[in-house]
Structure formats: C-alpha cells, structure tokens
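**Student:** attaching a predicted model along with its sequence, questions to come.
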Amino acid sequence: MPPRPAKTFADIVPRIRRSASLLRNYAYDYRRFTRASFLNGPSSRENRKAHIHLLAHMVEHGLSLRDPRPGFGMPRVAELCDEATRYINDHGLDASAEIAVKALVAYAAFNRDNGGGIGALAERIAGIERRVEAARAELLGGTEDVLADEIRQRSSMDFLDFMDARHSVRQYADRPVAPDVIERAVRAAQQTPSSCNRQTCRVYAFTDKEDIARVLAFQQGHRGFGEQLGGLAIVTSDLRHWYTVGERYQGWIDGGMFAMTLTLGFHAEGLGACMLNWSTTEDIDRAMRAFVGIPDDELVITMIGFGHMPERFKVPRSQRKPLDDVLRLSPTLPR
C-alpha cells in the first residue's frame, strides 16, 4: 500500500474547528439539561408536576399488574401524599393534582377491597380527597377495566396498509387547514406513551402563510415546497420533567415518539405531512426559540409541515431495506 500523505496544517484546522463546535454544542445541551431538570430535587412548578406524574404512574403501574400485592409501594405512596399536599397548597387543584388524587384514591380503594393494611396512609388519602371534593369533576387516573375484544374492535384496521399509504408529502393544495383537524391530530398524539406518563411534549402550530414562512426561515429542509404548506408544527419536550442522569436523552425519545404519532394523526385526518428535521446548532436553535417564544426549558425535537394534498402528485419511491436487515427474531442469548 502506498504511504498515506502527511496531514498538513490546512487539513488539521477544519478538524479542530469541527471538534470545538461539537464540544460547544454538547456544553449547550448540558447547561440546559442541568438548569431545567430536577437532578437535585424538584424546585420549579413544572418540576413538581413531573414528580407528581412520576409517583402517580408508579402507583398506577402497580395497580395495573395481574396480582398486585396489598400494601405495595407504601413509601412512594406516602411521598405522593406529601408532594400532592404541598402542590395543592401552593397551586390549587389543576390537572397534575387531579392525577395524584385519582391515583391515591384508587390505591386506597384497592387496599380496602383486598384487606391491605396501609394504616394512617388511608386517612391521609381520605383527607386529601375530602379537601378537593368540592372542586373536583370526574377525574381520569388510577386504573380502569378494559376488554381485549373492545380494544380489538376499536383498533380494527389494516395498519400495514395504513403505513404503506403514508408518504413524506412535498406537494400541497392551496386550502386552509381547519383548527379542529389539527386539534384531533394533537389529541391523538397525546395518547403516545411517555416515560412514567410525564407527558412532556408541546406543539406550536401555525397556519398563517406569512407566519409559516417566517418560522421556516430557520430550517433548511423545506426548499421547493415550504411555501405550499397549509400548516407548520413545532414539537418540543420540556426538560423540567427529567431528574436523573440516565434521563438526559429521554426528552428526545419521548418527543420523537410524540412527533411520529402526530404525523400519523395528520395522515389519519386525510392530510399530507413531512418531517422537517431540527438537526442544527446552538446559534440557530437559540434564534428560532427566541423568535417563536419557546422557553429555554424546552427541547425543539422537530418541525412538521402539513396540509391538504392535491388530487394527484408525486412522492419519493423509497425502497425499504429487506426485513432480515431490520428484524432479529429470537436471537440466541448466552446460557
């Protein structure tokens, strides 16, 4: 083999610059995560909401198992009582407090019906419930009984066919998108699984052509079709909902799943949609968030362009990899 040519100063300088830029952007992500998350305990209202969702989900998770043990998780339940009481004292009864109350009431009812001795916790839970009874509507939380057959009936569809019909659409009809269509797609996306039910995602949606163009000026992947869009959605995830080092990437994971469900929601509503990635640098991220009014606590996950499809149009014919390249079915594990 011929010897490799020696690297010159002109070769090395771009590498140094790229490495420095990468480190600077890592530092940007690190600062934002450590400032917004509750690694050292919840402090902001949003931190405390996330802590309530986390604790309540642990209760609901235990209750949803096949044979829950009476009295399970009492230290966490006591912690949820403490957090819910403090939160209601400071902020009143909102959706997060309701989640806590419903989970606690379901836990108390389960133990009462199954002979679980939870001692003073039962009275604490009853006291919290009595306190919010007057302000409380029918709340969703705890657990519910479902029928597998009902789930099968309501979800009956050829999902592979539904997905085969989904495309990244880059041609749009000049028709406005009604707000209720967007709301239905977002409501569908709210059913996306999230880590411990913390529901960290938000959607900033624009339908005015001028607004869409001004926001798209920060994104580079819309050339040739951005001006046709009937709507633009920015999906974010709130960093204040995470509290461990292991969760440092969880916002991207939850946000990515939410964005995909939202895109499928647009598809189900008869709209075309196209993911517009937000793989960008600190300076552009800062500028766009400042322009739109997205807080520093929120990660921008992606943009999604959407709108009505023309009656006939072209899409990329993207060949999918062979299934054997993607699926590892029952791989051999060490014995």
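**Tutor:** Sure, I can see it.
**Student:** let me know whether Ser96 touches Ile88 as I believe.
**Tutor:** No: counting by Cβ atoms under 8 Å, no contact exists between Ser96 and Ile88, whose distance comes to 9.8 Å. Quick note: C-beta positions are derived from backbone N, CA and C, even for glycine.
**Student:** which residue ranges form the helices in this structure?
**Tutor:** All helices of the chain, identified by DSSP state H, fall at 9-36, 45-63, 74-91, 95-113, 120-132, 148-154, 159-164, 179-189, 209-216, 250-268, 282-292, 323-326.
**Student:** returning to what we had before: ok, Ser96 and Ile88, which is more surrounded?
**Tutor:** Ser96 (23 against 19; other Cβ atoms under 10 Å).
**Student:** can you pull the contacts of the more buried one?
**Tutor:** Applying Cβ atoms under 8 Å, 6 or more residues apart in numbering, we find Ser96 in contact with 48-49, 52-53, 87.
**Student:** change it to 6 Å
**Tutor:** 49, 52 (Cβ atoms under 6 Å, 6 or more residues apart in numbering).
**Student:** repeat for Met260
**Tutor:** Taking Cβ under 6 Å, 6+ apart as the test, Met260 contacts no residue whatsoever.
**Student:** how near is it to His267?
**Tutor:** 10 Å (Cβ to Cβ, to the nearest Å).
**Student:** do the same with Thr332
**Tutor:** In this view, Thr332 and His267 are 38 Å apart by Cβ to Cβ.
**Student:** of the two, who's got more company?
**Tutor:** Per other Cβ under 10 Å, whichever of Thr332 and His267 has more neighbours is His267, with 19 against 5.
**Student:** count of neighbours near the residue nearest to the more buried one when sequence neighbours are not counted?
**Tutor:** Nearest residue to His267 in three dimensions, chain neighbours excluded: Arg166, at 5.1 Å (Cβ to Cβ, 6 or more residues apart in numbering). Arg166 has 15 neighbouring residues, counting by other Cβ under 10 Å.
**Student:** for the strand ranked longest in the chain, which helices and strands make contact with it?
**Tutor:** Looking across the chain with DSSP state E, the single longest strand is strand 298-308. Here strand 298-308 touches strand 231-238, helix 250-268, strand 271-277, going by 3 or more Cβ pairs under 6 Å, 6 or more residues apart in numbering; DSSP states H and E.
**Student:** same list, those, but as CSV with distance to Val292 and mean pLDDT please.
**Tutor:** Output for these, formatted as CSV (distance: least, Cβ to Cβ, whole Å; pLDDT from 0 to 100):
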stretch, distance to Val292, mean pLDDT
strand 231-238, 7, 98
helix 250-268, 16, 97
strand 271-277, 14, 96
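**Student:** can you tell which of the ones you listed is closest to Arg66?
**Tutor:** Taking Cβ to Cβ, helix 250-268 is the member of these nearest to Arg66, at 26.2 Å.
**Student:** list the buried ones in the closest one?
**Tutor:** 250-251, 254-267 (16 or more other Cβ atoms under 10 Å).
**Student:** got the angle for that helix vs helix 179-189?
**Tutor:** Counting by axes from the mean of the first three to the mean of the last three Cα atoms, to 10 degrees, helix 250-268 lies at 130 degrees to helix 179-189.
**Student:** sorry, back to before: quick check, nearest of the buried residues of helix 250-268 to Val105?
**Tutor:** Distance ranking of the buried residues of helix 250-268 against Val105, using Cβ to Cβ, places Asp254 first at 27.1 Å.
**Student:** can you get me a residue count around the nearest residue to that closest one once chain neighbours are set aside?
**Tutor:** Ranked by Cβ to Cβ, 6+ apart and with sequence neighbours excluded, the top spatial neighbour of Asp254 is Ser194, at 4.8 Å. Residues near Ser194, counting by other Cβ under 10 Å, number 21.
**Student:** wait, doesn't Ser194 sit right on Gly256?
**Tutor:** No: at 11.3 Å, Ser194 does not count as touching Gly256 under the criterion of Cβ atoms under 6 Å.
**Student:** sorry, back to before: okay if I get the helices and strands packed on strand 298-308 as CSV plus distance to Asp158?
**Tutor:** Below are those laid out as CSV (distance: least, Cβ to Cβ, whole Å):
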stretch, distance to Asp158
strand 231-238, 27
helix 250-268, 13
strand 271-277, 20
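**Student:** from Arg86, how far out is Asn277?
**Tutor:** According to Cβ to Cβ, Asn277 and Arg86 sit 40 Å apart.
**Student:** pull the CA atoms of stretch 98-107 into CSV?
**Tutor:** Only the C-alpha atoms of stretch 98-107 are listed here, as CSV (Å, rounded to 0.1, in the frame of the first residue of the first chain):
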residue,chain,number,x,y,z
GLU,A,98,-56.0,15.6,39.9
ILE,A,99,-53.8,12.8,38.6
ALA,A,100,-52.3,12.5,42.1
VAL,A,101,-55.7,12.4,43.8
LYS,A,102,-57.1,9.9,41.5
ALA,A,103,-54.1,7.6,41.8
LEU,A,104,-54.2,7.8,45.6
VAL,A,105,-58.0,7.2,45.8
ALA,A,106,-57.6,4.1,43.5
TYR,A,107,-54.7,2.8,45.7
